[in-house]
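In: I'd like to go over a predicted model; first the sequence, then the structure.
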Amino acid sequence: MNYEFHWNVVFQKMPELLQGAFVTLHVSVLSMVLGIVIAVFLAIAKMNNKPPFNYMASTWIEIARNTPALFQIYMAYFGLGAFGIHLSPYMAVLCALVFINAGYLAETFRGGFQSIPDAQYNASKSLGMTNFQTYRYIILPQMFRRIYHPMTNQFVWAILMSSLGILVGMNELSGETQRFQSLSFRTLEFFMVTAVLYYIITKFVLLSAALISKRLFRGEI
Amino acid sequence: MIKVQNVRKSFGDLEVLKGIDLEVQKGEVLSVIGGSGSGKSTLLYCINAIEKIQGGKIFVDDIDVHAKATNKDKLRQKLGMVFQQWNSFPHMTVLENVALGPQVVKKIAKEEAIEIARKELEHVGLGDKFDVYPTKMSGGQQQRLAIARALAMKPDYMLFDEVTSALDPELVGEVLDTLRLLREDGMTMICVTHEIAFAREVSDQVAFFNQGVIDEIGRPEQVISNPQKETTQSFLSKVLS
């Protein structure tokens, strides 16, 4: 045990690392927003049982949930590249994360919809509410509450998985760390600091989510 | 007036209503009694157009309920319904539960809708529960909330589907008292119920359902106190013993 830590090299590169952290947060937020929108359509398509949309949705969900994220990123970057579609590293990682988020969240949403008892639907209809009003005021607010925490888990997953961007040369947090450690050979120091930064980002996201949920969901479920 | 004419209803191969005829005049109370699976609750769901029918006709104030052209959402505003399972909306306060219908369906201004909700809640004895969430209340209170929520829509008719069946015995009384209150207000009601004594006390008509048909219908002193059919007698002797 005679390793000598050199933290100064790392701290000098802090602005770049923070810039990388920002890209990490950026890509994961965007992948969640797009993923949620697509997931709603996938969930509805799968529940409606109307070909060919239900088959398309099922195929999407199956692939997204049962293949490694690394494979999705390679497909987006090198796979599409083979067909002459050249995505930037950022776009490739974004596409892959959106694809996977949508697949996982679709199943979460489907479970959420199905967990609302028929009685809620009947009670709402019996008041004379239209289908749209029933979904708007009764079903969706309750569904959203039930899937809120699984959804934040997916968010954390997206943040951590964006680190695979390192493999296609993306300039997110891990990519930047990789670049600087190979220049300075302070591998341990750089990755330790990066790990702390990831921890701070995910804690920040989880804490914000908890605060938001306190404001949104006053009632009991 | 609610008019049910030769109504047939099947779930798949199982026919649960095999030609039901009855009429409820304005201001009348009809109680429907009978064993489980006899089709009592299904009839209410058909009157409210939550379930489709396969034959016959149902009229509410001369509106053909199951006609294609009928706006079912509009029709349901005339028909308040309270279900066996207390289905208050758990993500809203008691007051919001009751104000929602008038506000969203009838497009009444928020302050006015809240005023209506306050009145209806006080009427059923929940004047001190406005800001409570329904899951914090007892089953009896939730059931009274469901009644207030239906009444806030100012319906012409109320349909009650075994509203006391899921309650602990000591809570049944407060809900039945609320129904008696409605009776005094002159509300037209159809009550599917297992509370035979209550049915005898408040009803103008009692219908005994048996396996999808009405075996006996008439004044309570006739159907309950002096039943003519053997099936009615045996049912009553079982539930009253």
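Out: Received it, and whenever you're ready, just let me know what you need. Numbering: from 1, shown residues only, chains lettered A, B, ... in the order given.
In: ok, for the most centrally placed residue in chain A, nearest residue in space, not its chain neighbours?
Out: Centrality entry for chain A: nearest residue to the mean C-alpha point is A:Ala158, 3.6 Å, by CA atoms, centre = their mean. The shortest distance from A:Ala158 to any non-neighbouring residue, by CB to CB, 6 or more residues apart in numbering or on different chains, is to A:Ser28 (4.2 Å). C-beta coordinates here come from the backbone N, C-alpha and C atoms, glycine included.
In: Surely the one you found touches A:Leu94?
Out: No: in this structure, A:Ser28 is not within contact of A:Leu94 by CB atoms under 8 Å, at 9.3 Å.
In: Who has more neighbours out of these two?
Out: A:Ser28 (28 against 23; other CB atoms under 10 Å in any protein chain shown).
In: where's that one relative to B:Ala109, distance?
Out: 43 Å (CB to CB, to the nearest Å).
In: other SSEs contacting whatever helix or strand the residue nearest to the centre of chain A lives in?
Out: Assigned by DSSP states H and E, A:Ala158 belongs to helix A:140-161. Where contact means 3 or more CB pairs under 8 Å, 6 or more residues apart in numbering or on different chains; DSSP states H and E, helix A:140-161 is packed against helix A:14-48, helix A:89-115, helix A:187-216.
In: Check which residues of the longest helix that chain B contains are buried.
Out: Looking across chain B with DSSP state H, the single longest helix is helix B:169-185. Neighbour counts using 16 or more other CB atoms under 10 Å in any protein chain shown place B:Leu171, B:Val172, B:Glu174, B:Val175, B:Leu176, B:Thr178, B:Leu179, B:Leu182, B:Arg183 of helix B:169-185 among the buried residues.
In: Dump these into CSV; add distance to B:Val32 as well.
Out: Listed next are the buried residues of helix B:169-185 as CSV, based on distance: CB to CB, whole Å:
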residue, distance to B:Val32
B:Leu171, 22
B:Val172, 18
B:Glu174, 22
B:Val175, 17
B:Leu176, 16
B:Thr178, 19
B:Leu179, 14
B:Leu182, 16
B:Arg183, 16
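In: about what we covered before: list the contacts of the residue nearest to A:Ala158.
Out: Applying CB atoms under 8 Å, 6 or more residues apart in numbering or on different chains to A:Ser28 gives the contacts A:Leu97, A:Phe155, A:Ala158, A:Ile159, A:Ser162.
In: wait, the third one sits on A:Met32?
Out: Yes: counting by CB under 8 Å, a contact exists between A:Ala158 and A:Met32, whose distance comes to 6.0 Å.
In: Near chain B, which residues of chain A? Just list them.
Out: When proximity is defined by CB under 8 Å from any CB of the partner chain, chain A lies next to chain B at A:117, A:119-120, A:122-130, A:133, A:137-138, A:141-142, A:145, A:217-221.
In: Could you turn the buried ones of those into a ChimeraX selection?
Out: Here is the ChimeraX command that picks out the buried ones among the residues of chain A next to chain B, judged by 16+ other CB under 10 Å:
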select /A:120,122,123,124,125,126,127,128,129,130,133,137,138,141,142,145,219
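In: How about A:Met161, nearest residue that isn't a chain neighbour?
Out: Leaving out its chain neighbours, the residue that sits closest to A:Met161 by CB to CB, 6+ apart is A:Ala69, at 4.9 Å.
In: where's that neighbour relative to A:Val205, distance?
Out: The value you get for A:Ala69 to A:Val205, if CB to CB is used, is 18 Å.
In: same question, B:Leu159
Out: Distance from B:Leu159 to A:Val205, by CB to CB: 48 Å.
In: Would you mind telling me which of these two has the busier surroundings?
Out: The residue with more neighbours, out of B:Leu159 and A:Val205, is B:Leu159; 25 against 19, by other CB under 10 Å.
In: The more buried one in helix, strand or coil?
Out: strand (DSSP: H, G, I helix; E, B strand; the rest coil).
In: Return the set of buried residues in stretch A:136-153.
Out: A:137-139, A:141-143, A:145-148, A:150-152.
In: oh sorry, the question was meant for stretch B:208-222
Out: Buried, per 16+ other CB under 10 Å, within stretch B:208-222: B:Phe208, B:Phe209, B:Asn210, B:Gly212, B:Val213, B:Ile214, B:Asp215, B:Glu216, B:Ile217, B:Pro220.
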